[in-house]
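Chemist: sequence plus predicted model, see below.
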Amino acid sequence: MSRLSHWIFGHPVSAYFALAYLLSWPLFILLLVAFPNNMALQGTLGSLAVFAPAIAGMIVGAVSEPARTVKQRGAHWIAFLATWILAWATLILFASHLRGAPLGPPLIVFGGVLALLPAFTVSRAFSRVIGIRRHFRSLVIPRGNALWYLFALLVFPVIQVAGVGITRILGPDAGPQSELNLTVDPSAAILLFLHGFFFAGGINEESGWRGFALPRLQRRYCPLIAALVVWVFWALWHLPMDLASDDSMSSILTNRVFFNAMWSVLFMWVFNRTKGSLLAPAIFHPAMNASGTLLPRTDAATALFVLVVVFAVVSDRMWRRLPSTHPALLMQNGGTA
């Protein structure tokens, strides 16, 4: 074992965070500085960059647990092809229906190429390498109670709609009434969610932040501390994209410092409650993004989210370490942070 491999084996979480940034930030900065208006490069290199959390998890997982088992070729190809077709169709419909891109051969070919990324990621559930297979298995074989997946899908839209209702009842003092429009195109909601699941926050990010780093951190720290450590690296990872956006610095700081901290605790909550299922936060993340895009944001909804976070922390006593036999921890035996 080389010196680098030995260090990665002993410090998988540190190696993971370093690699996630190394695989993404140079691409982000190159695109934003040198090719700010090149849509072809933005689509290809940008997609590789946003899949860095998942790819870093694959690499570090393979080094940490390199033992191999028999490859399930049939299951591997079924997962790959099914995901590829769904992701391809999603990207084409998203680009043409929501972004106004012309539907033609360039979009179809381009969509097919980019759809290889989520297809490859999901198919890792049947990898021969145990460290990769164990990591991605719960994407296709979910764990825990199905109600938690329903919670992950619906909690954001339900709370935001409830926030609108509360704001309307309380009147103008609770916030601007003119912005409380709940008219949503169902096809847009579905496409936003599916695009997020396959390409923008779902399996590409959660395969790393929650799927790889969180269970290993929870082997050393209590869930609350582990969630906050992930929050720091997860929020900071978005910095190049945030600085290139039109958002104000106060808006960026509010989102990354306040809201992302809350979301990190909630993502950890559903991950632990589903016995370490990667699919749960992979659903939670795009549901959050789609709801934030389509539904009004109100102070009442923010207050409700704070209450949910407080309830989660108190009900699960997140300041206490999980027992060593908790299924959300049973990912890897060796290594420290």
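Modeler: Here it is on my side, so go on. Keep in mind that what you see is a predicted model, and the values were worked out from it rather than measured.
Chemist: any idea which helix or strand comes after the lengthiest helix in the chain?
Modeler: In the chain, taking DSSP state H as the definition, the longest helix is helix 146-170. Sequence order places helix 186-199 as the next helix or strand after helix 146-170, per DSSP states H and E.
Chemist: so which elements touch the helix or strand following that next one?
Modeler: Following helix 186-199 in sequence order, the next helix or strand is helix 203-206 (DSSP H and E). Judged by 3 or more CB pairs under 8 Å, 6 or more residues apart in numbering; DSSP states H and E, helix 203-206 is in contact with helix 52-64, helix 116-123, helix 279-294. For glycine as for every other residue, the C-beta is placed from the backbone atoms N, C-alpha and C.
Chemist: for the stretch 51-200 of the chain, give me the ranges with low pLDDT.
Modeler: 71, 172-179 (pLDDT under 70).
Chemist: okay, buried residues for stretch 19-30 please.
Modeler: 19-21, 23-25, 27-28 (16 or more other CB atoms under 10 Å).
Chemist: now it: average pLDDT?
Modeler: On average, the pLDDT along stretch 19-30 is 93.
Chemist: which residues touch that stretch?
Modeler: 45-46, 48-50, 52-53, 55-56, 59-60, 208, 233, 237, 240-241 (CB atoms under 8 Å, 6 or more residues apart in numbering).
Chemist: likewise for stretch 121-138?
Modeler: Contacts for stretch 121-138 (CB under 8 Å, 6+ apart): 51, 54, 57-58, 61-72, 75-77, 79-80, 83, 139-141, 203-204, 207, 211-212, 274, 276-279, 331-332.
Chemist: can you rerun that using 7 Å?
Modeler: 54, 57-58, 61-62, 64-69, 71-72, 75-76, 79-80, 83, 139-140, 203-204, 207, 211-212, 276-279, 331 (CB atoms under 7 Å, 6 or more residues apart in numbering).
Chemist: buried among these? Need that as a selection in ChimeraX.
Modeler: Per 16+ other CB under 10 Å, the buried members of the contacts of stretch 121-138 correspond to this ChimeraX selection:
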select :54,57,58,61,62,64,65,76,79,80,83,139,140,203,204,207,211,212,276,277,278,279,331
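Chemist: returning to what we had before: for the helices and strands packed on helix 203-206, which one sits closest to Phe197?
Modeler: helix 279-294 (4.6 Å; CB to CB).
Chemist: the helices in the stretch 201-337 of the chain, which residues?
Modeler: Remark: helices assigned in the stretch 201-337 of the chain by DSSP state H, counting those that start in this stretch are 203-206, 214-217, 223-237, 239-244, 249-253, 260-273, 279-294, 299-315.
Chemist: in the fourth one, what counts as buried?
Modeler: With burial defined by 16+ other CB under 10 Å, the residues of helix 239-244 counted as buried are 240-242.
Chemist: got the CA coordinates for it in PDB?
Modeler: Taking C-alpha atoms only, helix 239-244 is exported to PDB below (Å, rounded to 0.1, in the frame of the first residue of the first chain):
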ATOM      1  CA  LEU A 239     -18.900  29.100  -2.800                       C
ATOM      2  CA  PRO A 240     -17.800  29.400  -6.400                       C
ATOM      3  CA  MET A 241     -21.300  29.000  -7.700                       C
ATOM      4  CA  ASP A 242     -22.700  31.400  -5.100                       C
ATOM      5  CA  LEU A 243     -20.200  34.100  -6.000                       C
ATOM      6  CA  ALA A 244     -21.000  33.700  -9.700                       C
END
